[in-house]
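J.: Quick one, what's the 3D model for this:
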Amino acid sequence: MNHILSRREFLAHSGQGIAALALLSACGTPPSPIPTRAPTLAPSPSPPSMNLNDRIAQMILVGFRGFELTPSDDNPIVQDLRERHIGGVVLFDYDVPTQTRVRNIQSPEQVKSLCAALQKAATTRLLIAIDQEGGMIARLKERYGFPPTVSQQYLGSLNNLETTRQHAEATAKTLAELGINLNLAPVVDLNTNPDNPIIGKYERSFSADPTIVTNHALQVIEAHHKHGVLATLKHFPGHGSSRDDSHLGFVDVTNTWARAELEPYARLIAAGQCDAVMTAHIFNANLDPSLPATLSERIITGLLRDELRFDGVIVSDDMQMKAISDHYGFETAIRLAMEAGVDILAIANNSVFEPDVAARAIAVIQRLVQEGRISAARIEQSYQRIMRLKARLC
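T.: Down below sits the predicted model:
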C-alpha cells in the first residue's frame, strides 16, 4: 500500500533524495518475540461486545491526518476507533493531496506519542502499520530524526545475510520502540524488470533470483519477530515484472509475469514465516481473464489459499489506487475483494482524502451482508484470521 510520488516529485520533496512515500502501531516497550511459526489455533475468543458490525470494522485499515490525536468528538479517526471499532491504521509522512509533510510523522517522540494515543483510543488491539522497507521507501526518515536505512536492492546486491539481518534488526527495534506493530515489508517481488517504474526504479526488490529474495526476506521477518513486530510479504502474486505503476492505472503483466515470482511466497509460507500477504492490483489474463489480483477469487483463494496453502491474513493494496478506482466503483471493488478472499481492506486515504471513508466502507459491507451478497460466515472467516494475528502481539 504505497503512495509514491513521481521520481521528480520525490527528489524535489526529499532534499537528499532518501525517501518520499507514505503508509502504517503501539507497544510503548518492545513486546516479547513473536513465535517463528504462526500457530494453528482454534477460533480466537472475542470481546463480549463484538457484534457483526464490530467484526466488519476489524477488516478496515485506514489512513488519517494528524501529528497527534485530538479527543474532540468531530475528529473522524477518533470516531472510527471509539465508535466504529476499526481494526487498523496506516501512518504516512507525506500528504499527497496537499503536497505537504503535514501528515503523521514529525519526530520519534511525536510518533511514539501518537501511537500510544491511537492504541488508547481503540476498543480492541489496533494494528498500526507503516511502509518501512528502507532506502527510498521509508516513512521514518533521517530528516525527522530516525536512523538511516538502505534499500532492499542494496542489501540483495551485497548478498550478505548478516548485513541484512543487522539492518532489519535496527528497523524492527525502531518500530517496536515507537509502538508500530505491523511493517508492510519485506517486498518479495522479483526484480525481473529493472526499469519497472514502481519496484525496480525505487530499488525495492532484493534480486531477480527467487532464492536470494527468499533468504533475505527471511532475515527481515525473523528480525521483526524478535522485536515483536509483524511483517507483510508483498505484492502478491508479483509486481516485479510490470512495465507500469498500479498507483496510476491499469497494469497488465500477462506477457511478463512468470511462476518463479511465486517462489518466495511458497517457501516462506511452507516455512511458517508468513504473517500477512499484501495483494497487487496487477492484471494477468493467464491467472484470471477478467479481474486484477486483488479482486480475483482465482488468484487470492485459488492460488494463494488453496495452492500455496496460506490461511493467514491477506491485506489488499490501497483500494484508492487508480488501478482499482478508475475501473470499479467503491462498493463493487469492496465486494469483489471480499469475495476473492481479502481479509483487510487497506484504504490509505492519501491519493484523495475522505474523512468519512472508513465509515463508508463499513456501511458498504453492512449493506452487502443485509442484502445477502456477502455472508456473515465470510465476515467471520476474516475476523478470526485478524484476531489470531493480533493475538501474537504483546
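
J.: quick check, Leu206 in a strand?
T.: Careful, residue 206 is Phe; it's not Leu. No - according to DSSP: H, G, I helix; E, B strand; the rest coil, the state of Phe206 is coil, so it is not within a strand.

J.: count of residues packed around the closest residue to Glu331 other than its chain neighbours?
T.: Nearest-residue entry for Glu331: Val364, 4.9 Å, with adjacent residues in sequence omitted and distances by C-beta to C-beta, 6 or more residues apart in numbering. Bear in mind the C-beta positions are built from the backbone N, C-alpha and C, glycine included. Counted by other C-beta atoms under 10 Å, the residues lying close to Val364 total 21.

J.: where's Val364, which helix or strand?
T.: With the criterion set as DSSP states H and E, the secondary-structure element containing Val364 is helix 357-370.

J.: ok, now Glu133?
T.: Secondary-structure assignment from DSSP H and E places Glu133 in strand 132-134.

J.: strands paired with that strand, and their directions?
T.: Looking at strand 132-134 with DSSP bridges, its partner strands are strand 137-138 (antiparallel).

J.: for the record, mean pLDDT for the very next helix or strand once past the partner strand?
T.: Using DSSP H and E, the helix or strand that directly follows strand 137-138 along the chain is helix 152-158. The average of the pLDDT scores along helix 152-158 is 98.

J.: Stretch 74-93 too?
T.: The average pLDDT within stretch 74-93 is 95.

J.: Can you list the buried residues in it?
T.: Counting neighbours by 16 or more other C-beta atoms under 10 Å, one finds that the buried residues in stretch 74-93 are 75-81, 84-93.

J.: now stretch 361-374
T.: Going by neighbour count (16+ other C-beta under 10 Å), the buried part of stretch 361-374 is 361-362, 364-366, 368-369, 374.

J.: Leu81 is in contact with Pro71, correct?
T.: No - checked against C-beta atoms under 8 Å, the pair Pro71 and Leu81 is beyond contact range at 10.7 Å.

J.: overlap in contacts of those two?
T.: Listed contacts common to Pro71 and Leu81 are Ala121; contacts here mean C-beta atoms under 8 Å, 6 or more residues apart in numbering.

J.: Look at the residue nearest to Ile365 when sequence neighbours are not counted and say how many residues are nearby.
T.: By the measure of C-beta to C-beta, 6+ apart, the closest residue to Ile365 outside its immediate chain neighbours is Ile56, 4.8 Å from it. Neighbour count for Ile56, taken as other C-beta under 10 Å: 27.

J.: Need phi/psi at Ile56.
T.: Its backbone dihedrals place Ile56 at phi -60, psi -40, with angles given as degrees, to the nearest 10.

J.: What separation do you get for it and Ala185?
T.: Taking C-beta to C-beta, to the nearest Å as the criterion, Ile56 is separated from Ala185 by 27 Å.

J.: same thing with Ala223?
T.: 11 Å.

J.: do His227 as well
T.: When distance is defined by C-beta to C-beta, His227 is 14 Å away from Ala185.

J.: Comparing the two, which residue is more hemmed in?
T.: Ala185 (28 against 22).

J.: can you give me the strands in the stretch 1-150 of the chain?
T.: Secondary structure of the stretch 1-150 of the chain by DSSP state E, counting those that start in this stretch: the strands cover 3-4, 21-22, 60-63, 88-90, 127-130, 132-134, 137-138.

J.: List just the one of these that sits closest to Ala323.
T.: Comparison of the strands of the stretch 1-150 of the chain against Ala323 by C-beta to C-beta identifies strand 3-4 as nearest, at 13.0 Å.

J.: State the mean pLDDT of the closest one.
T.: pLDDT averaged over strand 3-4 gives 43.

J.: Hmm, Ile77 is touching Val89, no?
T.: Yes - using C-beta under 8 Å, Ile77 makes contact with Val89 at a distance of 7.1 Å.

J.: who touches both of those two?
T.: In terms of C-beta under 8 Å, 6+ apart, Ile77 and Val89 are both contacted by the residues 62, 64, 118.

J.: so which of those comes closest to Asp209?
T.: Comparing the shared contacts of Ile77 and Val89 against Asp209 with C-beta to C-beta places Val62 closest, at 36.2 Å.

J.: Was I right to think Ile128 contacts Ala117?
T.: No - under the criterion of C-beta under 8 Å, Ile128 lies out of contact with Ala117, with a separation of 10.8 Å.

J.: which one of these two has more residues nearby?
T.: A direct count of neighbours by other C-beta under 10 Å for Ile128 and Ala117 places Ile128 higher, at 25 against 19.

J.: Tally up the residues packed near Leu336, please.
T.: Burial of Leu336 is recorded as 18 neighbouring residues (other C-beta under 10 Å).

J.: Which helix or strand contains it?
T.: Under the assignment given by DSSP H and E, the secondary-structure element containing Leu336 is helix 330-340.

J.: low-scoring stretches of the chain, by residue?
T.: Segments of the chain classed as low confidence (criterion: pLDDT under 70) are 1-49, 73, 244-250, 394.

J.: Off-centre distance for the top strand by length along it?
T.: When every strand of the chain is counted residue by residue (DSSP state E), the longest turns out to be strand 230-236. With C-alpha atoms, centre = their mean, to the nearest Å as the basis, the distance from the averaged C-alpha position of strand 230-236 to the chain average is 7 Å.

J.: returning to what we had before: tabulate the shared contacts of Ile77 and Val89 in a markdown table, adding columns for neighbour count.
T.: Formatted as a markdown table, the shared contacts of Ile77 and Val89 follow (neighbours: other C-beta atoms under 10 Å):
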| residue | neighbour count |
| --- | --- |
| Val62 | 25 |
| Phe64 | 25 |
| Leu118 | 24 |
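
J.: what angle sits between whichever strand or helix holds Ala377 and helix 330-340?
T.: With secondary structure defined by DSSP H and E, Ala377 is part of helix 376-390. Here the directions of helix 376-390 and helix 330-340 differ by 80 degrees (axes from the mean of the first three to the mean of the last three C-alpha atoms, to 10 degrees).

J.: Determine the set of other helices and strands touching helix 376-390.
T.: helix 52-57, strand 313-315, helix 357-370 (3 or more C-beta pairs under 8 Å, 6 or more residues apart in numbering; DSSP states H and E).
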